[in-house]
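>>> Structure here, sequence nowhere to be found:
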């Protein structure tokens, strides 16, 4: 999927919502306890309930790896389900992989060939060797960590002159906006203006709205560009909106409400 | 396993060799093509042939993830095989994970609970939030990326005043040498003196000897401390020493030769 296809979907749904499928087997509603693949079954119902308001799904690999082979299988099933039933929805594997060329190529194979995801989050610590192998797949994206939403982002990302996150954005801003985006957390919205000076056109993946305290209005005010340029993620606020048998309906309500607020900002 | 147990093993084997199990299904010897779990079978034979000279095995997750569920299963089998048959050998999962607390905890569960590995490599980009969840398991280790062996380490790790890798080493050098070590590549041996000024006592995991051009003698000269303090990794030079039916014997020869050179430096 390229930039303009992603933007088209945003316009048609009037939403730039990314739903984080951080689905932990230990936290599923009771009603799924008998299912053969409970995490997949949970995801499937969440996806069917929220797809109308969602332009992107983002499973984080840790929640699947924590259950070994069983977890990995349900991650694969989830991505396949989205791609078969909602081919226009963008899928980001939130893996934060970061390793050198030889090894990064295998990660790209894992997520772009075996899973057919659209994008992978990538840690830039080791430099461009860790990023460029992901850019060699036409229509696939690297989502590079820039300024993350957590408190200890201050230790390295925000440290230095210029700050490390600015070096990272500057280094990779010359990569095409058709296959590169950046993670910028919602918890420091005042810095979106700095970010947009460095990469005015690229999409930003924005975690940290909701449970982590980030504010959608501020993110939209400083982060939107002429082609939207934002994918704002919510995970727990949507997928765990209810822990009862109505979990999918509750997720739909939350997704719908968040998308409605996004629509006002477009 | 703690620091003194690891050091005891090094003394008894007179080796600080780490064998990197970067075992790619596509590169296995022809003779394994009929095996049900060819990567595990390859690893098993490599392990049996090299264990006498080896204090540490280090599978890199990318080579396993690239084959999905099948790959992940063989990674689990490999770690289990080592722990059952060679319980004194240290196992590092080279995963370079780096995510915030909530998520990092799941990675720790994946590698420390489900797999019983001793250590995981961790990317420090996001700060201590991404590291501390791994330090909460008694006897388990976080191996934090410091200065990696690849060329583009110059872009961020070696950039800034002080350089980013020094900030990372300084930040985490206050963590116990019983559960924290650092990755420092062999390709810039002159910088080991700088590294040892910041963390004189911690173990360093050193990739980049062999195929990547690093030199063991220089690494030993500047990197060894009073308790060895080094785990030097070789992957391709050992596991792919032969592509024929004699692959395990060839790996044993290479491991033995490298361990003999290590013995001279101790």
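Looks like it arrived, so ask away. Since the structure is predicted, the reported quantities are computational estimates derived from the model, not experimental observations. Numbers count the residues shown, from 1 in each chain, chains lettered A, B, ... in the order given.
>>> Next, work out how far apart residue A:108 and chain B are.
Separation of residue A:108 from chain B (CB to the nearest CB, to the nearest Å): 9 Å. C-beta: built from backbone N, CA, C; applies to glycine.
>>> Run through the residues that contact that residue.
Taking CB atoms under 8 Å, 6 or more residues apart in numbering or on different chains, we find residue A:108 in contact with A:120, A:133-134, A:136-137, A:140.
>>> Try it again at 10 Å.
A:97, A:120, A:122, A:132-137, A:140, A:142, B:62, B:66 (CB atoms under 10 Å, 6 or more residues apart in numbering or on different chains).
>>> my read is residue A:94 is in a helix, agree?
No - using DSSP: H, G, I helix; E, B strand; the rest coil, the assignment for residue A:94 is strand, not a helix.
>>> Tell me how many other residues crowd it.
26 (other CB atoms under 10 Å in any protein chain shown).
>>> Would you confirm that it contacts residue A:207?
Yes - between residue A:94 and residue A:207 there is a contact under CB atoms under 10 Å: 8.6 Å.
>>> Work out which residue lies at the spatial centre of chain A.
Nearest to the mean C-alpha position of chain A, by CA atoms, centre = their mean, lies residue A:58 at 4.4 Å.
>>> In the sheet, which residues pair with it? Tell me.
Going by DSSP bridges, residue A:58 is paired in beta bridges with residue A:20.
>>> That one contacts residue A:94, doesn't it?
Yes - the criterion here is CB under 10 Å, and residue A:58 meets it with residue A:94 at 5.0 Å.
>>> what touches both of the two?
Overlap of the contact sets of residue A:58 and residue A:94 (by CB under 10 Å, 6+ apart) consists of A:18, A:20-22, A:119, A:121, A:143, A:205, A:207, A:233, A:235.
>>> Give me the subset of these that lies in strands.
The strands, defined by DSSP state E, take in A:18, A:20-21, A:119, A:121, A:143, A:205, A:233 from the shared contacts of residue A:58 and residue A:94.
>>> got the contact list for the residue sitting furthest away from the middle of chain A?
What lies farthest from the middle of chain A is residue A:34; by CA atoms, centre = their mean that is 29.4 Å. Residue A:34 sits next to residue A:41 when contact means CB under 10 Å, 6+ apart.
>>> Could you pull out the strands in the stretch 101-250 of chain A for me?
Remark: strands assigned in the stretch 101-250 of chain A by DSSP state E, counting those that start in this stretch are A:119-122, A:141-147, A:180-184, A:203-206, A:230-234.
>>> Make TSV out of those strands and add mean pLDDT.
Output for these, formatted as TSV (pLDDT from 0 to 100):
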stretch	mean pLDDT
strand A:119-122	98
strand A:141-147	98
strand A:180-184	98
strand A:203-206	98
strand A:230-234	97
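>>> Looking at those, which is nearest to chain B?
For the strands of the stretch 101-250 of chain A, distance to chain B was read as CB to the nearest CB. The smallest value, 6.0 Å, belongs to strand A:141-147.
>>> Tell me which other helices or strands that closest one touches.
strand A:90-97, strand A:119-122, helix A:164-172, strand A:180-184, helix A:192-198, strand A:203-206 (3 or more CB pairs under 10 Å, 6 or more residues apart in numbering or on different chains; DSSP states H and E).
>>> report the angle between the axes of it and strand A:90-97?
Orientation of strand A:141-147 against strand A:90-97 (axes from the mean of the first three to the mean of the last three CA atoms, to 10 degrees) gives an angle of 60 degrees.
>>> Starting from strand A:141-147, tell me which strands it pairs with and how they run.
According to DSSP bridges, strand A:141-147 has the following sheet partners: strand A:119-122 (parallel), strand A:180-184 (parallel).
>>> For residue A:1, which of these is the nearest?
Checking the strands paired with strand A:141-147 against residue A:1 by CB to CB gives strand A:119-122 as the closest, at 8.7 Å.
>>> How far off centre is the closest one?
Remark: strand A:119-122 is offset 8 Å from the chain centroid, using CA atoms, centre = their mean, to the nearest Å.
>>> just stretch A:142-149 next, same as before
Computed by CA atoms, centre = their mean, the chain-centroid distance of stretch A:142-149 equals 10 Å.
>>> swap in stretch A:2-12?
Computed by CA atoms, centre = their mean, the separation of stretch A:2-12 from the middle of its chain amounts to 16 Å.
>>> Indicate the residue of the stretch 1-150 of chain A located nearest to chain B.
For the stretch 1-150 of chain A, CB to the nearest CB, closest residue to chain B: residue A:127, 2.9 Å.
>>> any idea how far that residue lies from residue B:205?
19 Å (CB to CB, to the nearest Å).
>>> can you check residue A:114 too?
29 Å.
>>> Who has more neighbours out of the two?
Ranked by neighbour count (other CB under 10 Å), residue A:114 and residue B:205 place residue B:205 first, with 25 against 17.
>>> Where does the prediction get shaky in the stretch 151-266 of chain A?
A:211-213 (pLDDT under 70).
>>> Spell out which residues of it are next to chain B.
The stretch 151-266 of chain A comes close to chain B at residues A:151-165, A:167-168, A:171-172, A:183, A:185, A:207-208, A:211-212, A:235-236, as judged by CB under 10 Å from any CB of the partner chain.
>>> Only the buried subset of the residues you listed, as a PyMOL command please.
Here is the PyMOL command that selects the buried residues among those (16 or more other CB atoms under 10 Å in any protein chain shown):
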select buried, chain A and resi 152+153+155+156+157+158+159+160+163+164+165+167+168+171+172+183+185+207+208+212+235
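>>> ok, the residue in the stretch 151-266 of chain A that chain B sits nearest to to residue A:96 distance?
Closest contact between the stretch 151-266 of chain A and chain B, by CB to the nearest CB, is at residue A:152 (2.9 Å). As judged by CB to CB, residue A:152 and residue A:96 stand 15 Å apart.
>>> same deal with residue A:82?
20 Å.
>>> what do you get for residue A:86?
24 Å.
>>> What of residue A:234?
18 Å.
>>> just to revisit the earlier point, OK, contacts around the residue nearest to the centre of chain A?
Each residue near residue A:58 by CB under 10 Å, 6+ apart is listed here: A:18-22, A:90-94, A:117, A:119, A:121, A:143, A:205, A:207, A:231, A:233-235.
>>> again, 8 Å this time
Neighbour list for residue A:58: A:18-21, A:91-94, A:205, A:233, A:235 [criterion: CB under 8 Å, 6+ apart].
>>> With residue A:254 instead?
Taking CB under 8 Å, 6+ apart as the contact definition, residue A:254 lies against A:234, A:237-238, A:241.
>>> got these as TSV, with distance to residue A:13 columns?
Shown next, in TSV, are these (distance: CB to CB, whole Å):
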residue	distance to residue A:13
A:234	15
A:237	19
A:238	15
A:241	20
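>>> Among those, name the ones in helices.
Using DSSP state H, the subset of the contacts of residue A:254 located in helices is A:237-238.
>>> export the contacts of residue A:254 to a markdown table and tack on neighbour count?
Formatted as a markdown table, these follow (neighbours: other CB atoms under 10 Å in any protein chain shown):
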| residue | neighbour count |
| --- | --- |
| A:234 | 27 |
| A:237 | 19 |
| A:238 | 27 |
| A:241 | 20 |
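>>> Out of the contacts of residue A:254, flag the one nearest to residue B:258.
Proximity of these to residue B:258, judged by CB to CB, is greatest for residue A:234, which lies at 50.6 Å.
>>> Hmm, the closest one is touching residue A:210, no?
Yes - if you go by CB atoms under 8 Å, residue A:234 and residue A:210 touch, sitting 4.9 Å apart.
>>> Report the two of the ones in strands among the shared contacts of residue A:58 and residue A:94 separated the most.
A:21 and A:143 (15.3 Å).
>>> for chain A, what spans make up the helices?
A:3-13, A:38-50, A:62-65, A:68-85, A:101-108, A:164-172, A:192-198, A:216-223, A:236-239, A:247-265.
>>> Ok, which of these comes nearest residue B:262?
Taking those one by one with CB to CB, helix A:101-108 is closest: 24.3 Å.
>>> Report the inter-axis angle for the closest one versus strand A:141-147.
Relative orientation of helix A:101-108 versus strand A:141-147 (the same axes, to 10 degrees): 110 degrees.
>>> Let me know the average pLDDT across helix A:101-108.
Helix A:101-108 shows a mean pLDDT of 92.
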